[in-house]
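1. model this:
(2 chains)
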Amino acid sequence: MFAYIVRRLLYAIPILIGVNLLTFLLFFVVTSPDDMAVSQLGDKYVTPEAIEAWKEKNGYDLPLFINNEASGVERISETIFFTKSVRLFVFDFGRSESGRDITTDVSTRMWPSLAVALPTFAIGIWVNICVALLVVMFHATRLDRWVVFTFVALMSISYLFYIIGGQYLVAKTWKLVPISGFHAEGQVWRFLILPVLVGVVAGIGSGARWYRTLFLEEAGQDYVRTARAKGASELRILFRHILPNALIPILTGVVVLVPSLFMGSLLIEAFFGIPGLGSYMLDAIKSQDFAIVRSMVFIGSVLYILGLILTDISYTWADPRVRLS
Amino acid sequence: MKPLILWSDALIFLLVAVLIVFFLRLRRDPQIRARWGEVFGSRLGMATFTIIAVYVLVALLDSLHFRRALEPVEGAAHTTSEVFYDNRVTSVLDLMLGGMGQRFERTYSAPFALYSFEKQNMKDAQGRDYRDFPRLKHAGQHLEHTDDKWPDILARSLWSLLPGLLLCIVLIGPQWLALRHSSLPWRASWWVQGCVICLWVWLVAISRHYHVLGTDLGGADVAYQSIKGIRTGVLLGTLATLVMLPIAVTLGVLAGYFKGWVDDVVQYLYTTLSSIPGILLIAASVLLFQVYIDLNPDFFAIGMEKADARFLALCFILGVTSWSSLCRLIRAETLKISQLGYVQAAHAFGVSHTRILSRHVLPNVVHIILITFVLEFSSLVLAEAVLSYIGVGIDPSMGSWGNMINGARGELSREPAIWWTLSGAFFFMFVLVLAANLFADLVRDAFDPRSATGAGRRA
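-> Numbers count the residues shown, from 1 in each chain, chains lettered A, B, ... in the order given. Sure thing, here's the model as predicted:
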């Protein structure tokens, strides 16, 4: 198991290099270090000297990928790509193009993101399982068909409408909570209720529908028929036989998402004005701050790979037949 | 009148042709025929397919573009016989809507309203200034008293039923004569068709005198804009999926069949791609194309062509960035299939790799491709709205539901709230995505051997 995890972590290195390479390629096809300098220094009256000074200060005065003036290993190492990527691997994100320390930004903005994403995730799973169980109880009735239809209808509504509708109804019309905003002190929960509610409701359609199929798959198994033949009550079958077994695919399916919770939700944070990592990324895209984009992509990839490893581990944990090799 | 073929126009017609050929080829296989029979044997399948077909038809009609010839300027010397063309592009759909897109107001107005939403400085008969809600230019001008509005609308609605029903008889009648003894539930389809035709006639008739869904900030008719959004949505969903399919299928099948280093490379590619947060990848690529378009303005004669190029780029990007999940599925399935007896037997007989892949492996992953195609379609239509919000979506000059939502999302906080733009986009988008999702469910139930809900399946 330990050897497996170590190997998976080593596999992550080429993937992360690839991710970085792709980020660099995409970004520098669009702009050049000179453009970045101009946009950071302000558009008007920028002298060539000022551009050179900015590039030197921020480490953009090297060639992009291959340094033809150097020799040996330095042909690769004395480049923007190498110097900027290597530091990411030891989680040193440096400063953003506008001069802010990215590590501090990330560590302060992580908490609002988590404060929204974690309850949404946990409550969402709980609600979905409850709804799915309820539907399974009424399996193969007219009610079941209508509920499944409702699930599909809920899935067909754009996320934007959930947010806009939630803000309009709960915050504007009923005035129960503030429309948007976030204060670290005092009544944080008042700002969290609506984003979490919207996130949970928006997820019910696809989530509960998926869990319903998982429950039904288990309900068709032989051990369920045996239990029924032995005279176990339907409730007992549902909660003692079907639920624990169906939790395995549910667990292994959602575990991949757990690390990504740190990244927060882009849309929710943008609409509700939550100063988390999602809105951080959105702002960085809009202002073309490459240092932040690069760091966020890197963090995102690391968390994703972590999620994949966790998924594999959770398989062995939930199902003893699976051995990692 | 001068026809104008945009790249996306050519592509959508090509696409529909390819889909029809594909469909006809698949029909030859008796097993696949039985499966399709299962999909279309249900009333729901028939109805949802009809709705999707209506959307596609509207998109096709909206893709027949042309530029109107401009009237020669009065007083200009008639020395040249050259004709100048309008820079605005019109489509056959615009003609069918009866000039709905040309009735502009000054700014917002509510559905069926007679007065503008905002007050304006005006002069009364004696020339004194006052401030009030001005009458709309294209709504209810024929009314003598504003109290007559609702009776008038009711009367016009009832009158529009007559041509609507006539059109229904003309269009559905022949279908009924030809297909009334068919075992398929065509009746569901006819109901949907009838409703759509009647609604269409009603909309065209009423919108000559009212704005059915009001007008937006620029005074454009919201109902018209929502209908124009259909082409963008349908095209984006299909084009992006069609870009994705060949990449995913080729790589997935190759990885699963050859294993070894090919498998390693493909796995590396899709893990790398899927570990980058999708929105960043899309945003960066769209910006990239935007820079390219801005640097080469000579390629595009009119603004519409520029918007079209950006739109195609977006489809391409969405396709290229979203192939990893399908690729993973197909790889796993191919791994399974290539272990099976008949593939092993083909190997033993010395059948070439290409032949094994095309005859034995590919036909057995078709169901995955089919299911993904329909599912991906609806998620792409939804994704467009989100991308437009972030500012990397469709060009604002090209109508789309995403742009409509983006333009109107702040206006709900007004007093009274401006809800009609959002509702228009919501309704048209919801119907399309819902129909596609329901249809996808049926297709999956019929084609996926593992589907848990495939109850009435013939073995």
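2. So which residue is smack in the middle of the chain?
-> No chain in the question, so chain A it is. A:Ser260 (3.6 Å; CA atoms, centre = their mean).
3. was after chain B, sorry
-> Nearest to chain B centroid, counting by CA atoms, centre = their mean: B:Val234, 2.0 Å.
4. Which residue comes closest to it once chain neighbours are left out?
-> What sits nearest to B:Val234 in space, not counting adjacent residues and going by CB to CB, 6 or more residues apart in numbering or on different chains, is B:Ala59, at 4.0 Å. Where you see a C-beta, it was placed from the backbone N, CA and C, and this is true even at glycine.
5. can you check B:Ser160 too?
-> Closest to B:Ser160 by CB to CB, 6+ apart is B:Ala205, at 3.9 Å.
6. what bits of the chain have low per-residue confidence?
-> No chain in the question, so chain A it is. A:30-31, A:39-40, A:42-45, A:72-73, A:75-76, A:184-186, A:324-325 (pLDDT under 70).
7. meant chain B actually
-> In chain B (pLDDT under 70), the answer is B:72-82, B:301, B:449-459.
8. Which residue is most remote from the mean position of it?
-> Distance-from-mean max, chain B, by CA atoms, centre = their mean: B:Gln126 at 52.3 Å.
9. Buried residues, the helix ranked longest in chain A. List them.
-> Counting residues, the longest helix found in chain A (DSSP state H) is helix A:102-137. Under the neighbour-count criterion of 16 or more other CB atoms under 10 Å in any protein chain shown, helix A:102-137 has A:102, A:105-106, A:109-110, A:112-117, A:119-121, A:124-125, A:127-129, A:131-133, A:135-136 buried.
10. quick one: that helix near chain B?
-> No: Helix A:102-137 is not in contact with chain B by CB under 8 Å from any CB of the partner chain; minimum separation 11.3 Å.
11. for that helix, the distance to its chain's centre please.
-> 11 Å (CA atoms, centre = their mean, to the nearest Å).
12. Could you tell me which other helices and strands it packs against?
-> helix A:142-155, helix A:188-219, helix A:243-254, helix A:266-272, helix A:277-287, helix A:290-318 (3 or more CB pairs under 8 Å, 6 or more residues apart in numbering or on different chains; DSSP states H and E).
13. Buried residues, the longest one. List them.
-> Buried residues in helix A:188-219, counting neighbours by 16+ other CB under 10 Å, are found at A:191-192, A:194-205, A:207-219.
14. Relative to the top strand by length along chain B, what are the paired strands and their orientations?
-> Ranked by residue count under DSSP state E, the longest strand found in chain B is strand B:85-91. Partners of strand B:85-91 in the sheet, by DSSP bridges, are strand B:65-69 (antiparallel).
15. Run through who's touching the strand it pairs with.
-> Strand B:65-69 has contacts (CB atoms under 8 Å, 6 or more residues apart in numbering or on different chains) with B:1-6, B:9, B:83-91, B:304.
16. and if we set it to 6 Å?
-> B:1-4, B:83, B:85-86, B:89-91 (CB atoms under 6 Å, 6 or more residues apart in numbering or on different chains).
17. do the same with stretch B:178-191
-> Contacts for stretch B:178-191 (CB under 6 Å, 6+ apart): B:40, B:43, B:46-47, B:50, B:172.
18. Alpha carbons of it, as PDB, please.
-> Extracted in PDB, the C-alpha atoms of stretch B:178-191 (Å, rounded to 0.1, in the frame of the first residue of the first chain):
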ATOM      1  CA  ALA B 178     -49.400   7.900 -44.400                       C
ATOM      2  CA  LEU B 179     -48.700   6.700 -40.800                       C
ATOM      3  CA  ARG B 180     -52.000   6.100 -39.100                       C
ATOM      4  CA  HIS B 181     -51.600   2.300 -39.200                       C
ATOM      5  CA  SER B 182     -48.000   2.500 -37.900                       C
ATOM      6  CA  SER B 183     -47.300   0.700 -34.700                       C
ATOM      7  CA  LEU B 184     -45.300   3.600 -33.400                       C
ATOM      8  CA  PRO B 185     -47.000   6.300 -31.200                       C
ATOM      9  CA  TRP B 186     -47.000   9.000 -33.900                       C
ATOM     10  CA  ARG B 187     -50.000  10.600 -32.200                       C
ATOM     11  CA  ALA B 188     -47.600  12.000 -29.500                       C
ATOM     12  CA  SER B 189     -45.500  13.600 -32.100                       C
ATOM     13  CA  TRP B 190     -48.500  15.100 -33.900                       C
ATOM     14  CA  TRP B 191     -49.700  16.700 -30.700                       C
END
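19. near chain B, which residues of the stretch 151-300 of chain A show up?
-> A:152-153, A:155-156, A:158, A:160-161, A:164, A:168, A:213, A:216-217, A:266, A:285, A:297, A:300 (CB under 6 Å from any CB of the partner chain).
20. So B:Phe377: helix, strand or coil?
-> helix (DSSP: H, G, I helix; E, B strand; the rest coil).
21. didn't it look like it was pressed against B:Leu239?
-> No: using CB atoms under 6 Å, B:Phe377 is not in contact with B:Leu239; the gap is 10.4 Å.
22. Just the helices from the stretch 151-300 of chain B, written as ranges.
-> B:186-206, B:222-258, B:260-275, B:278-295 (DSSP state H, counting those that start in this stretch).
23. among those helices, which is the most enclosed?
-> helix B:222-258 (a mean of 23; mean count of other CB atoms under 10 Å in any protein chain shown).
24. Also compute the angle for that one relative to strand B:85-91, please.
-> Counting by axes from the mean of the first three to the mean of the last three CA atoms, to 10 degrees, helix B:222-258 lies at 70 degrees to strand B:85-91.
25. just checking, what packs against helix B:222-258?
-> helix B:7-28, helix B:43-61, helix B:260-275, helix B:303-321, helix B:324-337, helix B:366-390, helix B:420-447 (3 or more CB pairs under 6 Å, 6 or more residues apart in numbering or on different chains; DSSP states H and E).
26. what would the ones you listed look like in a markdown table with distance to A:Ala291?
-> As requested, the helices and strands packed on helix B:222-258 are exported to a markdown table (distance: least, CB to CB, whole Å):
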| stretch | distance to A:Ala291 |
| --- | --- |
| helix B:7-28 | 37 |
| helix B:43-61 | 42 |
| helix B:260-275 | 20 |
| helix B:303-321 | 23 |
| helix B:324-337 | 27 |
| helix B:366-390 | 20 |
| helix B:420-447 | 37 |
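27. Out of those helices, the one nearest A:Leu10 is which?
-> helix B:260-275 (13.2 Å; CB to CB).
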